[in-house]
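> Model the following, please.
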Amino acid sequence: MIAMTDAEFLEISEYIRVHYGVNLKKKRALIEGRLGFYVDSKGYRSYKEYFEFMKNDPTHRELANLLNRLTTNHTYFMREKEHFVFYERSVLPWIEHELNDRDLRVWSAGCSSGQEPYTLSIFTQNYLGARASDWDATILATDISDKALTTAKNGVYPAEELSTMPDEWRRKYFTMHDDYSFKVTPYLREKVAFKNLNLLDPFNVKKPFHAIFCRNVMIYFDNDTKTTLIDKFYDALRDGGFFFTGHSESLTALEHRFKYVSPSIYRK
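Sure, this is the predicted structure:
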């Protein structure tokens with residue numbers, strides 16, 4: 001496998017940081033592990049040669065490939081379950097009390113391969129019950145990785161990823177795809193709208209959100225990028241709206257306008 005020079009590592013990691021906010025300065029092993037075999041198999045003589053081709057590719061396909069390889073994160077259904085319980089018991093009743101038009105606005109930012117927004121949709125449908133047909137309860141789910149979004153849209157997951165889900169929900173919202181995997185039902189799939197979005201770009205929010213989940217995404221950002229992004233999330237929420245981060249993430253060291261609710265849960 002081709003060796004990566006210090007200069008090549010710095011150039012690639014700085015490009016990703018500047019254009020997409022992802023800080024990989026301490027992730028050299030990750031970059032080499034996810035790019036090494038690919039760069040070698042494509043016949044490039046160096047990472048520099050590959051990187052120059054990527055930057056000058058008019059189709060931008062190689063850029064999409066690079067992002068898919070370096071930014072896709074591991075996730076699973078019901079991850080950090082306490083957030084979903086709080087969402088069902090506290091956020092959804094507040095939304096129902098506040099709404100007149102029954103237009104629920106919930107955003108899963110950095111949704112990866114779809115487990116988070118599908119879980120949010122299941123909790124939403126479970127809460128609404130027979131009233132669900134009267135609501136526009138579509139969850140917005142965005143990610144920078146086209147590969148992750150393709151997996152999310154297909155909605156096929158290994159059986160073990162659903163192991164923590166109640167049997168009733170598994171039967172209601174999933175069907176057997178093969179001996180080893182399940183597929184989300186068309187009903188559940190229609191309740192999530194997937195979209196490619198770089199969080200550093202303008203959000204262009206038409207109506208403010210009631211809740212935003214951005215969990216285990218900002219761990220890769222530097223503090224300046226985090227502060228800017230958190231400010232954008234604050235402006236994208238309606239008054240009283242909730243903001244969720246990952247359990248390993250904290251806003252303590254950052255300047256922000258949110259009110260603390262509990263660890264990794266904040267409110268506008």
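
> And the strands in the stretch 51-200 of the chain, which stretches?
106-109, 139-143, 156-158, 174-178, 181-184, 192-196 (DSSP state E, counting those that start in this stretch).

> Next, the contact list for the nearest residue to Lys195 once chain neighbours are set aside, please.
In space, and not counting its chain neighbours, Lys195 is closest to Thr142: 4.9 Å by C-beta to C-beta, 6 or more residues apart in numbering. C-beta coordinates here come from the backbone N, C-alpha and C atoms, glycine included. Neighbouring residues of Thr142 by C-beta atoms under 8 Å, 6 or more residues apart in numbering: 107-111, 194-197, 199.

> From the rest of the structure, what touches stretch 13-24?
Stretch 13-24 has contacts (C-beta under 8 Å, 6+ apart) with 12, 25, 27-28, 30-31, 51, 55, 67, 70-71, 144, 198-200, 220-222, 225, 229.

> Just the buried subset of the contacts of Thr142, written out for ChimeraX, thanks.
Selecting only the buried entries of these in ChimeraX, with 16 or more other C-beta atoms under 10 Å as the criterion:
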select :107,108,109,110,111,194,197,199
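
> any idea which of the contacts of Thr142 is closest to Lys172?
Checking those against Lys172 by C-beta to C-beta gives Ser108 as the nearest, at 20.3 Å.

> Tell me how many other residues crowd the nearest residue to Met54 once chain neighbours are set aside.
Closest residue to Met54 in three dimensions, ignoring its sequence neighbours and counting by C-beta to C-beta, 6+ apart: Glu62, at 4.2 Å. Residues near Glu62, counting by other C-beta atoms under 10 Å, number 16.

> Distance-wise, check Glu62 relative to Leu237.
With the distance defined as C-beta to C-beta, to the nearest Å, Glu62 ends up 36 Å from Leu237.

> where exactly do the helices run in the stretch 51-200 of the chain?
For the stretch 51-200 of the chain, the helices defined by DSSP state H, counting those that start in this stretch cover 61-71, 81-86, 92-98, 115-128, 146-154, 167-173, 186-190.

> Can I get the ones you listed in JSON lines including distance to Thr5 and mean pLDDT?
As requested, these are exported to JSON lines (distance: least, C-beta to C-beta, whole Å; pLDDT from 0 to 100):
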{"stretch": "helix 61-71", "distance to Thr5": "18", "mean pLDDT": "81"}
{"stretch": "helix 81-86", "distance to Thr5": "42", "mean pLDDT": "94"}
{"stretch": "helix 92-98", "distance to Thr5": "52", "mean pLDDT": "94"}
{"stretch": "helix 115-128", "distance to Thr5": "37", "mean pLDDT": "96"}
{"stretch": "helix 146-154", "distance to Thr5": "27", "mean pLDDT": "93"}
{"stretch": "helix 167-173", "distance to Thr5": "49", "mean pLDDT": "94"}
{"stretch": "helix 186-190", "distance to Thr5": "45", "mean pLDDT": "97"}
